[in-house]
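Asks: coords below, sequence missing:
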């Protein structure tokens, strides 16, 4: 027999995953500092297929404004350099042997505001995912009541718990957005 607690325990890990996905998504948004996650979305044409950059070379941080990519296969250097340049990140890589240096230019005020907007949009999308999970959770709780596995009080408590869970994770998203905004706007 299923209880409200079982339903909540089934949905909470999904909500945590939504938060983790959001964190991963905003990690690749530029803040003006060099971070390896900046190149997470870069795909390199390698051996006849698109491969993530980290499968072609080692990505490291040289200093606050410079990343380095140590390409493992010498023949992949120019394809890797082109992939970074074409990734629409505003970066200009320069190859030096099997190492590619990627300077991170300082962000303009206008660009910073665009990144803040992007962060907020990704945050809103994540909140929609959370709300959909809450809706599904409530639907399952209502089904339990319909199937006479729980009473109306349990159903109402389940709905309140679903709302509490939603607010808990939405609050985390709001805090993560504020933190990322502060990083982006810091000069």
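Replies: Structure received. Just so it is clear, the structure is predicted and the values come from calculations on it, not from any experiment. Numbering: from 1, shown residues only.
Asks: Domain boundaries for this protein, per the record?
Replies: Dividing the chain into domains by automatic domain parsing, as the record does, gives the ranges 4-28+108-185, 36-103.
Asks: Least reliable of those by average pLDDT, please.
Replies: Among those, domain 36-103 carries the lowest mean pLDDT, at a mean of 89.
Asks: Quick one: residues contacting the residue most central in space within the chain.
Replies: Closest to where the C-alpha atoms of the chain average out (Cα atoms, centre = their mean) is residue 25, at 1.8 Å. Residues near residue 25 by Cβ atoms under 8 Å, 6 or more residues apart in numbering: 122, 126. Yep, even glycine has a C-beta here, placed from its N, CA and C like the rest.
Asks: and what of residue 7?
Replies: With Cβ under 8 Å, 6+ apart, residue 7 has these contacts: 137, 140-141, 144, 158.
Asks: One more: residue 4?
Replies: Residue 4 sits next to 141, 144, 150, 154-155, 157-158, 161 when contact means Cβ under 8 Å, 6+ apart.
Asks: just those residues now: which is nearest residue 179?
Replies: Closest approach between those and residue 179, by Cβ to Cβ: residue 161, at 27.3 Å.
Asks: can you tell me which of the contacts of residue 7 are in helices?
Replies: 137, 140-141, 144, 158 (DSSP state H).
Asks: So which of those is the closest to residue 45?
Replies: Proximity of those to residue 45 was ranked by Cβ to Cβ; the top entry is residue 137 with 43.0 Å.
Asks: Regarding residue 41, what is its secondary structure?
Replies: Under the three-state scheme (DSSP: H, G, I helix; E, B strand; the rest coil), residue 41 adopts coil.
Asks: what sits against it?
Replies: By Cβ under 8 Å, 6+ apart, residue 41 lies in contact with 28, 87.
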